[in-house]
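Colleague: The following comprises the amino acid sequence and a computationally predicted model.
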Amino acid sequence: MRLTALILIGSASAFVHTKHARAIVPFFDTNSALFMETGEFDFDVAIIGCGVGGHGAALHSRAQGLSTAVFAGGDVGGTCVNRGCVPSKALLAASGRVRDMKDSSHLESLGIEVDGEIKYSRQGIADHAKNLANRVKGNLENSLVGLGCEVVEGRGVLTGIPHEVKDSATGKVFRAKDIILAPGSIPFVPPGVEVDEKTVYTSDGALELQFVPEWVAIIGSGYIGLEFSDVYTALGSEVTFIEALPNLMPTFDKEIAKQAERLLIRDRPIDYRTGVFAAEVTPGIPGEKPVTIKMIDATTKEHVETIEVDAAMVATGRVPNTKDMGLEEMGIETQRGFIAVNEKMQVLTKHEGGEIVPNVYCIGDANGKMMLAHAASAQGISAIENIAGREHIVNHDAVPAACFTHPEISMVGPTEEQAMELAKKEGWTLGKSQGSFRANSKALAEGEGNGMAKVLFKKETGHVIAVHIIGLHAADLIQECANAVAAGTTVQELSMMVHTHPTLSEVMDEAFKGAVGMSAH
């Protein structure tokens, strides 16, 4: 019989009571087949950190019948639940309602009149985000305990001895056959930027919505910056983007970025500076002293402008939370904090020419493959599959992503520019077809006809390579497309699949049919 144990080391963490009201931590599961047979390991699976990646791995571990412990480090849910995806959606939902109710021309087109001023409670919106995060966190804790996972309070640290992980809170050392590192990530703060999380803050501070500034500078124009520009402008702020690269939204498909600039920036109280660094950012005092931002040219490094704003949000990406984990003791080298892994999520000693570190895996933001919560969960499940002896590799080309602005942006696969390069390199012909929200009955009924969807495919085989969408509920529409990429479904097959009428999904139906020369009504 193959006996397996697992430890996941993660960024997310927490402490909760254990199964059957046992609050004994650390805990030795004497009912474990592995413990009973050899006594060598404390758990079949020990998970240190409980972000979305670690949590997903823990659930799958229990589904395999493995006794499982989670070393949470005081942060069940991790960044996504407590300081990221979940509370930000609450802010976007509330501020989006405010934007809709203030849009009198849109309401009038639907036959609706609103008398009086539209007001909101800043604290009420902030509480909505906090309460949602706490509720989801509690659900995660309950699911772990309900499935029989043991949750350990401290963060897990490698000791340098194979199979060992130390609980940082108690100093207790645990042994398990396999270790998965899932420490997550933290906001990146560029040199020269002084963060006080009051007037100059990362996404962590922004989610608390301590005040709504009249004028806020957002440093970085990626997913996080765009979403918060949506929140701030809906609540009455003016926004200035500061982007180091020549164009806004540099990681987005160019055609989609152009539409996003028209829909999300041009018609809103937003201006921007591109090709500049925020070289020095000095905090202020709310209502008394402004935040000072000194900008330099990204190429020449010469000073170009200094502005004074009420607040500055730093949205310049994230970096792995891999410090002080004992990686060096295990002979694991990192690049900018990222841990090298192979396709099976097995840790390598280094990025170039590294060797596999036996029984050690890494999932989520820390490996840098795709810094998305659901990608981390997929990697966690994949790691468990490989540990259980069933070879599995995550297809990252089929993992979708979304930006929850109003309207939303979503995508799966490479941008059109990247797909063109790929086609040239691999010797196939790139096909392209589009669908429009402006011709969609459901979108028009909502008064939300702005947006488009485009499908990129191989002309020779019809296989879908990528899909990019901007428009109403784009984040929901992308899943059908991601499934098509994952399953290898062709545009010929998709064009013959029936889509409900009248729904937004017919935007995709139009694009699929257009790819094979058909028309959609």
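Modeller: Perfect, I can see it now.
Colleague: quick one, phi/psi of the residue lying closest to residue 451 once chain neighbours are set aside?
Modeller: Closest residue to residue 451 in three dimensions, ignoring its sequence neighbours and counting by CB to CB, 6 or more residues apart in numbering: residue 471, at 2.3 Å. C-beta: built from backbone N, CA, C; applies to glycine. When read as degrees, to the nearest 10, the backbone of residue 471 gives phi 160, psi -180.
Colleague: Is residue 471 bridged to anything, and to what?
Modeller: For residue 471, the residues forming beta bridges with it (DSSP bridges) are residue 408, residue 451.
Colleague: wait, what's in contact with it?
Modeller: Residues in contact with residue 471, defined by CB atoms under 8 Å, 6 or more residues apart in numbering, are 407, 408, 437, 443, 448, 450, 451, 452, 453, 477, 504, 507.
Colleague: How many neighbouring residues does residue 475 have?
Modeller: Here the count is done by other CB atoms under 10 Å, and residue 475 has 18 residues near it.
Colleague: hang on, it in a strand?
Modeller: No - assessed by DSSP: H, G, I helix; E, B strand; the rest coil, residue 475 does not belong to a strand; its assignment is helix.
Colleague: Go ahead and confirm it touches residue 411.
Modeller: No - in this structure residue 475 lies outside contact range of residue 411 using CB atoms under 8 Å: 10.1 Å.
Colleague: any residues in contact with both of these two?
Modeller: Counting by CB under 8 Å, 6+ apart, the contacts common to residue 475 and residue 411 are residue 402.
Colleague: tell me the pLDDT at residue 75?
Modeller: We have a pLDDT of 87 for residue 75.
Colleague: how many other residues sit next to it?
Modeller: The number of residues near residue 75, taken as other CB under 10 Å, comes to 22.
Colleague: Same question for the one 3 residues further on.
Modeller: Each residue near residue 78 was counted by other CB under 10 Å, and the total is 35.
Colleague: wait, isn't it in contact with residue 50?
Modeller: Yes - using CB under 8 Å, residue 78 is in contact with residue 50, at 6.5 Å.
Colleague: in the longest helix along the chain, what counts as buried?
Modeller: In the chain, ranked by residue count with DSSP state H as the criterion, the top helix is helix 122-146. Using 16 or more other CB atoms under 10 Å as the burial criterion, the residues of helix 122-146 that qualify are 125-126, 128-130, 132-133, 136-137, 140-141, 144-145.
Colleague: Then stretch 267-274?
Modeller: Taking 16+ other CB under 10 Å as the basis for neighbour counts, the residues of stretch 267-274 that come out buried are 268, 270, 272, 273.
Colleague: Determine which two of those are furthest apart.
Modeller: Greatest spatial distance in the buried residues of stretch 267-274: 268 and 273, 16.3 Å, computed using CB to CB.
Colleague: Would you mind identifying the next helix or strand past the lowest-mean-pLDDT helix or strand in the chain?
Modeller: Taking all helices and strands of the chain together, the one with the lowest average confidence (mean pLDDT, DSSP states H and E) is helix 33-37, at a mean of 39. Moving toward the C-terminus from helix 33-37, the first helix or strand encountered (DSSP states H and E) is strand 45-48.
Colleague: what's that following strand packed up against?
Modeller: Contact analysis of strand 45-48 by 3 or more CB pairs under 8 Å, 6 or more residues apart in numbering; DSSP states H and E lists strand 6-10, helix 52-63, strand 68-71, strand 178-182 as its packing neighbours.
Colleague: Off-centre distance for the second one?
Modeller: In terms of CA atoms, centre = their mean, to the nearest Å, the centre of helix 52-63 is set 18 Å apart from its chain centre.
Colleague: which residues are contacting that helix?
Modeller: Counting contacts by CB under 8 Å, 6+ apart, the residues outside helix 52-63 that touch it are 6, 8, 10-12, 44-45, 47-48, 50, 68, 70, 76-78, 80-81, 140, 143-144, 147-149, 180, 182, 184, 363-364, 373-374, 376-381, 383-385.
Colleague: hmm, which of the residues you listed are the buried ones?
Modeller: Among those, those that count as buried by neighbour count (16+ other CB under 10 Å) are 6, 8, 10-12, 44-45, 47-48, 50, 68, 70, 76-78, 80-81, 140, 144, 149, 180, 182, 184, 363-364, 373-374, 376-381, 383-385.
Colleague: Contacts only, for residue 409.
Modeller: By CB under 8 Å, 6+ apart, the contact list for residue 409 reads 226, 252, 256, 260, 402, 403, 469, 470, 474.
Colleague: What helices and strands are in contact with the host helix or strand of the fifth one?
Modeller: Yep, that's residue 402 we're talking about. Element membership for residue 402 (DSSP H and E) is strand 401-403. Strand 401-403 makes packing contacts with helix 223-234, strand 408-412, helix 474-487 when contacts are defined by 3+ CB pairs under 8 Å, 6+ apart.
Colleague: of all those, which lies closest to residue 324?
Modeller: Taking CB to CB as the criterion, residue 324 comes closest to helix 223-234 out of the helices and strands packed on strand 401-403, the separation being 25.3 Å.
Colleague: after the closest one, next one along is what?
Modeller: Next along the chain from helix 223-234, counting by DSSP H and E, comes strand 238-243.
Colleague: Now whichever helix or strand comes after that next one: buried residues?
Modeller: Downstream of strand 238-243, the next assigned helix or strand under DSSP H and E is helix 254-260. Across helix 254-260, burial judged by 16+ other CB under 10 Å covers 255, 256, 257, 259, 260.
Colleague: The last one: what's it in contact with?
Modeller: Applying CB under 8 Å, 6+ apart, we find residue 260 in contact with 226, 249, 252, 405, 409, 470.
Colleague: Local confidence estimate at residue 48?
Modeller: At residue 48 the predicted local distance difference test score is 79.
Colleague: The residue lying closest to residue 57 once chain neighbours are set aside sits in which helix or strand?
Modeller: Spatially, and ignoring its direct neighbours in sequence, residue 57 is nearest to residue 380 (3.0 Å; CB to CB, 6+ apart). In the assignment (DSSP H and E), residue 380 maps to helix 373-387.
Colleague: Run the angle between that helix and strand 178-182 for me.
Modeller: Relative orientation of helix 373-387 with respect to strand 178-182: 170 degrees, computed using axes from the mean of the first three to the mean of the last three CA atoms, to 10 degrees.
Colleague: For the chain, which residues score under the pLDDT cut-off?
Modeller: Scanning the chain for pLDDT under 70 picks out the ranges 1-39, 521.
Colleague: quick one on the thing from earlier: just the residues contacting the helix holding residue 380, thanks.
Modeller: Applying CB under 8 Å, 6+ apart, the set of residues contacting helix 373-387 from outside is 4, 6, 8, 45, 51-58, 60-61, 64, 79-80, 84-85, 178, 180, 182, 184, 344-346, 361, 363-365, 367, 369, 391-394, 396, 399.
Colleague: likewise stretch 291-298?
Modeller: Counting contacts by CB under 8 Å, 6+ apart, the residues outside stretch 291-298 that touch it are 199-200, 217, 242, 244-245, 273, 275-284, 302-312.
Colleague: That one: which residues count as buried?
Modeller: 291, 292, 293, 294, 295, 296, 298.
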